[in-house]
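Visitor: Build me a model:
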Amino acid sequence: MEAKMSMATSAPVLTERQGSFDLVAFAAIVVTILFWASSFAVIRVCLGPLTPIELATARYVAAGVIALFYLAIYRPMPQRRDFFRLSVAAVLFIAAYAVLLNTGEQTVAAGPASFIINTMPVFTALIATFALGERFGRWGWVGTAVSFAGVGLIAFASGDGFRLDPNAIMILGAALCSAIASVLQKPLLARLPALAVTAWILLIGSVPLFPAVPATIEALVAAPAEVAWAVAYLVIFPTVIGYLTWAIALKRLTAARASNFLYGVPPVATLIGFLWLGETPTPLGAVGGVMAILGVLVVNVMRKR
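Guide: Reported below is the predicted structural model:
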């Protein structure tokens with residue numbers, strides 16, 4: 001999944017207790033950045049032959065089947081009290097996120113879409129403020145305003161001329177789903193292995209997509225071969241591997257700190273979109289992207305001052 005800007009803006013990955021460099025967390029973050037950044041361009045390739053719901057179904061039901069095999073063999077069972085939290089996180093992180101993002105990318109290019117998704121740390125900070133009573137501060141609200149103003153510019157730049165593209169708002173909704181799911185997922189990782197949490201989320205999150213399976217199979221049969229290969233890539237790399245490495249990062253770091261490292265996704269996604277699809281950001285969209293990232297940085301660095 002794809003949620004998040006320059007790794008140079010974050011300090012080296014340190015363990016929470018020892019203050020030493022955490023190579024495993026760093027490697028997990030790098031893999032997540034590369035695979036999640038590539039997914040934005042791959043989604044654009046698949047849309048057209050597949051509808052947003054069909055693409056979400058092809059990607060996540062297949063990943064859910066892989067997760068089911070793991071769960072059937074190793075049977076890592078969450079505690080009964082965790083099932084509701086796990087189910088809500090899964091549906092938001094998989095079905096809701098995927099359908100909203102795919103719908104948005106019908107008209108929003110890969111690079112701008114990734115910048116909008118990476119407002120997720122702002123939503124995470126806002127949720128922590130109201131749900132956990134954390135201090136937000138004046139700078140936090142300033143950063144939020146700057147980030148959302150940047151998203152607004154991207155939304156206008158993505159339309160036909162200077163006109164609001166509603167699909168950009170759909171992607172913003174996907175970012176909100178990702179933030180809520182990440183906050184819900186964090187306590188589970190203290191009680192279950194990262195692989196187990198990832199498997200349960202992929203399986204449960206794919207369930208709402210089951211009714212679309214017949215139509216998805218028909219669409220895949222009729223689609224060009226490159227679409228089938230693109231879906232296979234999405235299933236294996238950004239989904240199964242990417243979600244696993246993200247869970248590993250969340251297990252070893254705080255949710256806010258792990259999210260900060262994902263600042264590398266939008267630049268990489270923009271570069272891939274340019275090299276592969278020939279997508280060139282508009283000047284207004286580029287300004288909006290910079291503002292979106294700047295606002296997220298202000299929220300995370302200055303919000304408690």
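
Visitor: Low-confidence ranges, the stretch 101-250 of the chain, go.
Guide: Scanning the stretch 101-250 of the chain for pLDDT under 70 picks out 131-136, 158-164.

Visitor: what are the ranges of the helices in the stretch 1-150 of the chain?
Guide: Secondary structure of the stretch 1-150 of the chain by DSSP state H, counting those that start in this stretch: the helices cover 23-46, 52-74, 83-91, 97-104, 110-117, 120-132, 137-157.

Visitor: could you give the mean pLDDT of the first one?
Guide: Here the mean pLDDT over helix 23-46 is 92, rounded to a whole number.

Visitor: I'd like to know which elements that helix is packed against.
Guide: For helix 23-46, the packing partners by 3 or more Cβ pairs under 8 Å, 6 or more residues apart in numbering; DSSP states H and E come out as helix 52-74, helix 110-117, helix 225-234, helix 242-252, helix 255-261, helix 265-277. For every residue, glycine as well, the C-beta is placed using N, CA and C.

Visitor: Could you do the fourth one as well?
Guide: Identification of packing neighbours for helix 97-104 by 3+ Cβ pairs under 8 Å, 6+ apart yields helix 52-74, helix 110-117, helix 166-188.

Visitor: nearest to Y97, of those helices?
Guide: When those are compared by Cβ to Cβ, helix 166-188 sits nearest Y97, at 4.6 Å.

Visitor: Can I get that closest one in PDB, CA atoms only?
Guide: In PDB, the C-alpha atoms belonging to helix 166-188 read as follows (Å, rounded to 0.1, in the frame of the first residue of the first chain):
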ATOM      1  CA  PRO A 166     -13.400  15.200  -7.500                       C
ATOM      2  CA  ASN A 167     -11.200  12.100  -7.900                       C
ATOM      3  CA  ALA A 168      -8.400  13.900  -5.900                       C
ATOM      4  CA  ILE A 169     -10.800  14.000  -3.000                       C
ATOM      5  CA  MET A 170     -11.300  10.300  -3.300                       C
ATOM      6  CA  ILE A 171      -7.500   9.800  -2.900                       C
ATOM      7  CA  LEU A 172      -7.600  12.000   0.100                       C
ATOM      8  CA  GLY A 173     -10.200   9.700   1.500                       C
ATOM      9  CA  ALA A 174      -7.900   6.800   0.900                       C
ATOM     10  CA  ALA A 175      -5.200   8.600   2.900                       C
ATOM     11  CA  LEU A 176      -7.600   9.000   5.800                       C
ATOM     12  CA  CYS A 177      -8.400   5.300   5.700                       C
ATOM     13  CA  SER A 178      -4.700   4.400   5.700                       C
ATOM     14  CA  ALA A 179      -4.100   6.700   8.800                       C
ATOM     15  CA  ILE A 180      -6.900   5.200  10.800                       C
ATOM     16  CA  ALA A 181      -5.800   1.700   9.900                       C
ATOM     17  CA  SER A 182      -2.200   2.300  10.900                       C
ATOM     18  CA  VAL A 183      -3.200   3.600  14.300                       C
ATOM     19  CA  LEU A 184      -5.500   0.600  14.900                       C
ATOM     20  CA  GLN A 185      -2.900  -1.800  13.700                       C
ATOM     21  CA  LYS A 186      -0.100  -0.600  16.000                       C
ATOM     22  CA  PRO A 187      -1.200  -2.300  19.300                       C
ATOM     23  CA  LEU A 188      -1.800  -5.600  17.400                       C
END
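
Visitor: Which of the helices and strands packed on helix 23-46 has the highest mean neighbour count?
Guide: Per residue and on average, the most neighbours among the helices and strands packed on helix 23-46 fall to helix 110-117, with a mean of 30 (mean count of other Cβ atoms under 10 Å).

Visitor: P224: what's its closest spatial neighbour, skipping adjacent residues?
Guide: Leaving aside its chain neighbours, P224 sits nearest to P49 (6.5 Å; criterion: Cβ to Cβ, 6 or more residues apart in numbering).

Visitor: how many neighbours does that neighbour have?
Guide: Around P49 sit 18 other residues, with neighbours defined as other Cβ atoms under 10 Å.

Visitor: All set now, cheers.
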